[in-house]
Structures are given as structure tokens and as C-alpha cells.
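S.K.: coords please:
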Amino acid sequence: MSADKYTKLGNHIYAHIGGMQNVESLYHCMTRLRIDIKDMSKVDVTGLKKVDGVLGVIKGETLEIVLGPGVNAKVATSMVSQAGVKENDPFPENTGNQTTYEQDKSEVSEKAAQVHAAHKASLKQTWWRKILQHISAIFIPLIPAFIGAGLISGVAGILRNMLTAKMLPMSWNLGVTVLGMIANGLFMYLNIYVGINTAKEFGATAGLGGIIGGIVYLPGVVAPTTIPNIFDGKPLAAGQGGIIGVLLAVWLMSYVEKFFHKYITDSLDLIFTPFLTLLIMGLLTVFAIMPFAGWVSNSLVGGINWILKVGGPFAGFVLGLAFLPMVMFGLHQILTPIHLQMIQKLGYTPLLPILAMAGAGQVGAAIALWVKCRKNKQLTKLIKGALPVGILGVGEPLIYGVTLPLGRPFITACIGGGIGGAVIGAFHNVGSIAIGTSGIALIPLIANNMWWAYCLGLLAAYAGGFIATFFWGVPKGANVAKNENGTLVGTVPANNTVKKVNNSNSIKSEKATVNFVAPVSGQLEEMTSVNDDVFSKKMVGDGFAVIPSDGKILAPTDGKIVTVMSTKHAITMTSAKGGLEILLHFGLDTVDLKGAPFDIKVKEGQTVKRGTVLAQMDIAAIKAAGKDPVVITAVTNMKQVAKMSAVKPGKIQAGQSVLEVTTK
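M.R.: Here you go, the predicted structure:
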């Protein structure tokens with residue numbers, strides 16, 4: 001796939017998610033694009049799944065698009081480059097550089113989304129989903145480091161064992177030492193990296209988060225000096241509480257720092273806020289959080305070890321069976337800090353080898369489908385593309401491209417994972433010294449020379465997934481003879497061109513004249529005077545702007561509220577007549593303020609009359625934040641406009657007529 005094709009794939013994705021302007025931010029992990037969507041109702045999931053190169057789609061509070069390893073990184077790079085941002089950075093508001101093709105697709109998606117707007121209510125964020133999103137954002141940026149350092153550590157361990165067995169000359173000892181040093185660049189200071197990422201995630205200063213992570217190591221405390229545990233009087237141990245303690249401490253620190261930023265005057269903020277934040281959180285971390293987190297950590301690690309020891313093969317079967325559904329719903333991210341905590345306490349995580357069996361069950365199921373469904377060239381093409389990375393431990397392409405769409409193979413693959421997990425569970429000391437990989441790529445990371453037991457588990461999962469799928473997991477129709485493009489063998493191939501939607505099937509509106517009033521009192525200006533190219537160059541449409549003297553914002557015409565941005569800085573609505581799509585934008589770059597200066601008075605789906613109060617904004621707070629409070633009213637579907645009257649700049653009162661638009 002050439003660089004141009006990565007760009008095209010990114011453009012097709014934009015076209016099916018409501019355009020670049022519907023993206024808050026995006027980043028990639030090992031196999032997926034993870035996109036924070038502004039308005040999920042504008043996402044055309046059905047069309048997105050049909051895009052060539054998209055292996056699967058998970059629609060939750062965050063949209064996850066499975067593209068496979070390697071491809072996802074290149075597509076992510078292309079997509080953020082078009083937006084002029086970096087991964088994880090917020091996208092600029094109302095980016096308008098879509099192609100005509102994308103605009104047509106986006107318009108169709110938006111029209112269909114309005115009919116199904118009620119579906120968005122089912123995607124409201126829950127507390128547990130918020131926790132998973134935070135954990136994911138903290139640890140996913142570290143996964144490449146885990147993989148790189150973990151593999152180096154694994155190689156060093158193998159060479160060290162060969163030195164001990166005198167299979168290598170002692171001259172290799174220096175090289176092994178250097179490899180171990182490189183790997184420990186991550187693992188020895190992991191708390192600091194986690195502290196930095198946690199601070200970024202919760203809006204605190206990254207450096208302060210790193211210091212809190214470093215405090216957990218008790219730097220400068222050298223025997224015989226000790227710090228007592230206030231709960232049992234015993235000396236605190238360096239690293240006590242580990243990852244769990246760092247996450248808790250930095251999360252609390254973010255609130256402490258924000259409190260001081262709010263109440264300390266600007267001239268003293270830079271000096272006293274970091275000083276007081278570190279002093280308070282340093283003491284709290286050492287005397288409260290480390291002892292508490294240490295108890296939680298010991299209980300958690302001990303509990304898991306007890307379950308694996310007592311449950312043995314049964315516990316391994318349940319864990320191996322359940323892991324794929326966790327991946328499907330994104331719940332597996334909660335296990336990352338648990339793995340890391342076990343590595344810090346035990347030197348390895350016994351959970352990862354068992355959970356890795358789920359991916360091996362997928363491999364066995366895919367091979368069975370390949371054998372049974374040889375005539376289905378479309379399916380076998382997908383399997384051939386996804387199987388190599390599945391063997392290496394990246395299972396999402398197989399899940400979303402092969403087994404999950406077929407249904408039954410997903411279940412039989414889970415059974416294969418359970419069988420492999422049972423084999424691993426029969427041994428009590430199979431663990432991984434690092435996280436980030438599975439499949440055969442995990443073999444060098446298996447601790448205690450138990451790689452052979454892990455390989456037995458892989459073979460059992462392969463065999464279990466194959467047998468269960470071969471005999472019970474092939475659904476009817478899966479082995480029907482098909483061409484690679486999905487057409488039945490013997491039929492005329494479908495035309496590959498993309499057909500434009502017939503306008504006769506589109507949502508139509510009768511010709512009408514729509515009168516607009518000023519939504520707020522102040523100085524009326526033409527759109528071209530707005531200090532933002534997106535608006536002044538009419539990238540999102542045409543209309544007018546008001547430099548407000550009053551913070552009460554009214555509906556400019558009769559209509560229905562379609563979207564209220566989560567950051568409260570913008571509202572979209574449709575006019576009661578003529579089908580005009582209207583954007584009301586409160587200030588420039590005010591998305592950064594995350595809703596603080598705004599009080600929204602309406603809800604999505606609500607019908608409003610001209611003059612209905614939509615929102616109240618704090619103009620002084622917006623100016624204090626260095627933002628322009630200009631209120632913009634724009635008609636965004638200009639293809640529907642036949643004529644628009646001229647705007648006459650000057651003083652204006654809210655509710656006073658400003659603009660007349662005639663629709664086609």
C-alpha cells in the first residue's frame with residue numbers, strides 16, 4: 001500500500017465519520033485508530049465497515065477502527081497531518097478541507113444521522129468507561145516501549161542463561177550487561193513515565209507527575225534511615241504501592257494543582273502552585289498513598305496468584321475463554337496496570353501467558369475456516385492477510401475481519417483460547433517479564449525457563465480453536481463460492497465505481513424564505529471580518545457574526561436543536577422551513593475552555609422558536625482566557641441556498657432582523 005493509498009484510506013474514513021470537523025482528536029495503538037468523535041450520530045458505521053482496508057469498527061464513546069499493525073500508524077499520520085495537528089492533540093474547529101467526494105458522503109451521513117439522532121442517547125458515557133479511557137490513554141503510548149524493552153530483556157535473559165550453562169564464552173557477559181541496562185531504562189523508572197502520562201491525561205503538569213512517580217522510589221532514603229509506614233510501623237520499601245500508587249497520587253495531584261491555579265493570583269502562580277502542590281502531594285504520597293496502595297497491590301497480586309494456584313486449569317480456562325469478549329468491548333485495558341504491578345512485585349505477570357491463548361484460539365479457528373471455506377475467496381483473502389499478524393499475537397484483524405462477523409467462529413475461537421489457558425493454568429510459574437506482545441512473539445519473554453509450557457499452551461489453543469471451529473463453528477453460507485470482491489462465482493462482477501446518491505432519495509425541503517435575527521446584542525459584522533480563516537473564508541458556510549455586549553444567546557430562527565457540543569461552545573440546528581443547517585459558534589478557540597464559560601439552556605432534539613434563550617456565556621471569562629468572544633451564525637449547507645441578503649454592519653440588538661435566506 002503506497003503512501004497515496006494511506007492518504008486515500010484516511011480520506012475515506014473521514015468521509016464516513018462526519019468529516020474532519022467531527023473529530024476531537026485521534027491516535028493509534030497497535031492495531032487500531034482510536035478517534036474521539038464530537039457527534040457520534042454523524043458516524044456512518046455501516047459504510048465505514050465496507051471501506052477497503054477497514055477490518056472492523058467498534059462504536060462506543062470512542063470510535064475504534066481496526067486497520068491492522070503498520071497500516072494504522074501510517075493512516076493516523078496522514079489523517080493528523082491533514083488536520084495540521086499531532087496525534088492526541090485536539091483537532092481545529094470546523095476543518096473544511098474535504099474533497100467533493102467526502103462532502104457528498106458526509107452530507108448523506110449527516111442527513112441519515114438526523115433521522116436516527118435518538119441513538120446517541122444510548123452511547124452516554126458511564127463511570128467505568130471513563131476509567132477505561134483514562135487507563136488506555138495513559139498506557140497505550142508506552143506500549144512500543146514495553147515491546148522494545150521487553151524483547152531486549154528477553155534476549156538478555158536467554159543469553160544470560162546460556163552463559164550460566166557455559167554455552168557461550170564469558171566475553172559475552174559485557175554485551176548481556178549492556179542489553180539489561182537498555183531494558184532497565186524503562187522498567188527501573190517505569191513509575192516516572194506513568195506519572196508523566198497520568199498528569200497529561202488529567203490536565204496536570206507533566207513534570208510534577210513525573211516527580212510524584214519518582215517519590216515512590218524513596219530517592220535519598222538510604223539505610224539505616226527509614227520512613228515508617230503509618231499503618232503498621234514497618235519501614236516503607238522503595239517502590240511500595242508501585243503503579244497503583246502513582247496512578248492514585250497523580251490523579252489527586254491534578255485536583256490539588258488546579259485548585260491552586262484557580263485561587264492563587266497570576267503573579268504568584270508560577271512560584272507557589274508547583275511548590276505547594278509538590279509539598280502537599282509528596283507528603284500525602286509517602287505517608288498515606290504508598291502504604292494504602294502497597295496493601296492494595298499485595299492483596300491484588302496475592303489474590304490473583306491464589307486464584308491461579310487453587311483454580312489451576314479451571315481458572316486458566318475461564319480466563320482464556322473470557323479474554324476475547326473483553327478485547328471486543330475494550331475492557332482489556334483495565335488489565336494493563338495489573339500486569340505491570342505483578343511484574344514489579346514478582347518479576348513477571350502470570351496473567352499474560354494465559355490471556356495470550358485467546359489470540360491463539362483465533363489462529364486455530366481461522367485455519368479451520370481456511371480449510372473448510374476454500375471456495376470463498378473473499379474470506380480466505382481476509383484470513384491470509386490477518387493470519388500472520390495473528391500468529392505474532394495481534395488478534396484484532398482476525399477478530400473484526402474474520403471470526404466476529406461470522407458469529408459462530410468467534411465462540412469456537414474463545415473455546416480454543418480457554419483450552420490453551422487451561423494448559424497454561426496447569427503449571428504454576430508460567431509468566432511474562434513484560435507486556436505488549438503475545439503469540440509466538442511472547443516466547444522470548446517467558447520467565448523461569450518455562451517457554452516450553454507456554455508453547456504447549458499455544459499448540460493446545462491452536463488445536464482447540466481448529467477442532468471446535470472445524471466441526472461446530474462454520475456457519476451456513478461461509479463456504480459458498482465467492483470471488484475476492486464478494487460476488488458469487490459465475491455472476492457478473494459488480495461495477496467498482498462509487499455511485500452518487502440519487503437526489504430523489506435524499507431528504508428534500510420545500511423552497512422557503514428564512515428570516516434570521518441577531519442571537520446576541522453587540523456589533524454586527526460580516527462573516528469575512530471574523531479573525532479565523534475557517535469562518536472568514538466561509539469554509540463552513542456563510543452568515544454573520546456579532547461581537548457581543550451581552551452574554552445571553554437567542555435562537556436566530558425557528559427550528560430544532562441537532563447538536564450541543566460537549567464543550568458547550570457550539571450548537572447546530574435546522575430551520576423549521578427550508579431545511580437550512582445552522583451553526584452557532586460561541587467565540588474563537590473556546591473549545592479549549594472545555595465548557596467553563598458557557599451555560600447551555602437547550603437539549604438536542606428540542607424544538608425552539610426565534611428568540612428562545614439557547615445559552616448564557618461569560619464574556620469576561622472568555623476574554624480573561626485570551627479568547628475572542630465573537631458569536632458566529634453560519635448556514636453550513638450552502639447548496640440549499642438560492643439567495644442570501646447582504647449583512648449591514650453596525651450596532652444590533654438581540655432579536656433584531658439581520659439576514660434573509662431564500663432556499664432552493
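S.K.: ok, which stretches of the stretch 501-650 of the chain are helices?
M.R.: Along the stretch 501-650 of the chain, the segments classed as helices by DSSP state H, counting those that start in this stretch run 533-536, 619-624.
S.K.: ditto for the stretch 151-300 of the chain
M.R.: Counting by DSSP H, counting those that start in this stretch, the stretch 151-300 of the chain has helices at residues 173-187, 190-201, 206-215, 242-263, 266-284, 290-328.
S.K.: Please identify the most buried of those.
M.R.: helix 190-201 (a mean of 24; mean count of other Cβ atoms under 10 Å). Yep, even glycine has a C-beta here, placed from its N, CA and C like the rest.
S.K.: For that one, C-alpha coordinates in CSV please.
M.R.: Extracted C-alpha coordinates of helix 190-201, given in CSV (Å, rounded to 0.1, in the frame of the first residue of the first chain):
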residue,chain,number,x,y,z
LEU,A,190,8.5,3.0,34.9
ASN,A,191,6.8,4.9,37.8
ILE,A,192,8.1,8.1,36.5
TYR,A,193,6.9,7.5,32.9
VAL,A,194,3.5,6.5,34.2
GLY,A,195,3.4,9.6,36.4
ILE,A,196,4.1,11.9,33.4
ASN,A,197,1.4,10.3,31.3
THR,A,198,-1.1,10.3,34.1
ALA,A,199,-0.5,14.0,34.7
LYS,A,200,-1.0,14.7,31.0
GLU,A,201,-4.2,12.7,30.9
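S.K.: that older thread, Val647: which of the helices of the stretch 151-300 of the chain is closest?
M.R.: Comparing those against Val647 with Cβ to Cβ, the closest turns out to be helix 266-284 (38.1 Å).
S.K.: From the chain's centroid, how far away is the closest one?
M.R.: 32 Å (Cα atoms, centre = their mean, to the nearest Å).
S.K.: other SSEs contacting that helix?
M.R.: Where contact means 3 or more Cβ pairs under 8 Å, 6 or more residues apart in numbering; DSSP states H and E, helix 266-284 is packed against helix 206-215, helix 242-263.
S.K.: can I get those helices in TSV with mean pLDDT?
M.R.: What follows is the helices and strands packed on helix 266-284, written out as TSV (pLDDT from 0 to 100):
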stretch	mean pLDDT
helix 206-215	95
helix 242-263	93
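S.K.: Can I get these in CSV including distance to Gly605?
M.R.: Putting those into CSV (distance: least, Cβ to Cβ, whole Å) gives the following:
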stretch, distance to Gly605
helix 206-215, 40
helix 242-263, 33
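S.K.: the domain parsing of this structure - what is it?
M.R.: What the record gives for the chain is the domain set 3-118, 141-302, 347-473, 513-663, from automatic domain parsing.
S.K.: and the host helix or strand of Gly390, which residues are buried?
M.R.: Here Gly390, judged by DSSP states H and E, is contained in helix 377-391. Neighbour-count burial for helix 377-391, counted by 16 or more other Cβ atoms under 10 Å, picks out Lys377, Leu379, Thr380, Leu382, Ile383, Gly385, Ala386, Leu387, Val389, Gly390, Ile391.
S.K.: Run through the neighbouring helices and strands of that helix.
M.R.: With contacts taken as 3+ Cβ pairs under 8 Å, 6+ apart, helix 377-391 sits against helix 351-372, helix 396-398.
S.K.: hang on, the earlier thing: right, so of the domains of the chain, which gets closest to His339?
M.R.: domain 347-473 (4.3 Å).
S.K.: tell me how far the ends of that closest one are from each other?
M.R.: 39 Å (Cα to Cα, to the nearest Å).
S.K.: how far does it sit from the chain's center?
M.R.: 24 Å.
S.K.: what mean pLDDT would you report for that domain?
M.R.: Taken as a whole, domain 347-473 has a mean pLDDT of 88.
S.K.: hey, what's Thr662 bridged with?
M.R.: Taking DSSP bridges as the rule, Thr662 bridges to Thr513, Lys643.
S.K.: Quickly note the distance from it to Thr528.
M.R.: 21 Å (Cβ to Cβ, to the nearest Å).
S.K.: and what of Lys262?
M.R.: Relative to Thr528, and taking Cβ to Cβ, Lys262 is found at 38 Å.
S.K.: ditto for Asp266
M.R.: 35 Å.
S.K.: hang on, Val51 packs against His12?
M.R.: Yes: assessed by Cβ atoms under 8 Å, Val51 is found in contact with His12 at 4.8 Å.
S.K.: Could you check which of the two is surrounded by more residues?
M.R.: His12 (22 against 17; other Cβ atoms under 10 Å).
S.K.: so what's that one up against?
M.R.: Contact analysis of His12 by Cβ atoms under 8 Å, 6 or more residues apart in numbering lists Val51, Gly53.
S.K.: Let me see the ranges of the strands in the stretch 501-650 of the chain.
M.R.: In the stretch 501-650 of the chain, the segments counted as strands under DSSP state E, counting those that start in this stretch are 513-517, 522-526, 542-548, 552-554, 559-564, 570-575, 581-588, 598-600, 607-608, 613-617, 628-635, 641-644, 650-652.
S.K.: want to throw those into a markdown table with distance to Trp172 and mean pLDDT?
M.R.: Shown next, in a markdown table, are those (distance: least, Cβ to Cβ, whole Å; pLDDT from 0 to 100):
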| stretch | distance to Trp172 | mean pLDDT |
| --- | --- | --- |
| strand 513-517 | 79 | 94 |
| strand 522-526 | 74 | 94 |
| strand 542-548 | 71 | 94 |
| strand 552-554 | 72 | 95 |
| strand 559-564 | 63 | 89 |
| strand 570-575 | 63 | 90 |
| strand 581-588 | 62 | 90 |
| strand 598-600 | 64 | 93 |
| strand 607-608 | 76 | 94 |
| strand 613-617 | 68 | 94 |
| strand 628-635 | 65 | 93 |
| strand 641-644 | 75 | 92 |
| strand 650-652 | 81 | 94 |
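S.K.: now for those, which one comes closest to Ile354?
M.R.: Judged by Cβ to Cβ, the one of these that comes nearest to Ile354 is strand 559-564, at 44.3 Å.
S.K.: Kindly calculate the angle that that closest one makes with strand 613-617.
M.R.: 40 degrees (axes from the mean of the first three to the mean of the last three Cα atoms, to 10 degrees).
S.K.: Next, the angle strand 581-588 makes with strand 559-564.
M.R.: Going by the same axes, to 10 degrees, strand 559-564 makes 50 degrees with strand 581-588.
S.K.: Strand 559-564 pairs with which strands?
M.R.: Within its sheet, and counting by DSSP bridges, strand 559-564 is paired with strand 570-575 (antiparallel), strand 607-608 (antiparallel).
S.K.: what comes into contact with the longest one?
M.R.: For strand 570-575, the surrounding residues in contact (Cβ under 8 Å, 6+ apart) are 93, 114, 514, 555, 557-565, 580-586, 600, 602, 608, 614-615, 636.
S.K.: okay, the angle between it and strand 513-517?
M.R.: Using the same axes, to 10 degrees, strand 570-575 lies at 150 degrees relative to strand 513-517.
S.K.: Please tell me how far strand 570-575 is from the chain's geometric centre.
M.R.: Offset of strand 570-575 from its chain centre (Cα atoms, centre = their mean): 27 Å.
S.K.: likewise the shortest one?
M.R.: On the basis of Cα atoms, centre = their mean, strand 607-608 sits 34 Å off its chain's mean C-alpha point.
S.K.: okay, now Ala223: neighbour count?
M.R.: Ala223 is flanked by 6 other residues according to other Cβ under 10 Å.
S.K.: Chain neighbours aside, what residue packs nearest to His287?
M.R.: One correction, residue 287 is Phe, not His. Ile230 (5.5 Å; Cβ to Cβ, 6 or more residues apart in numbering).
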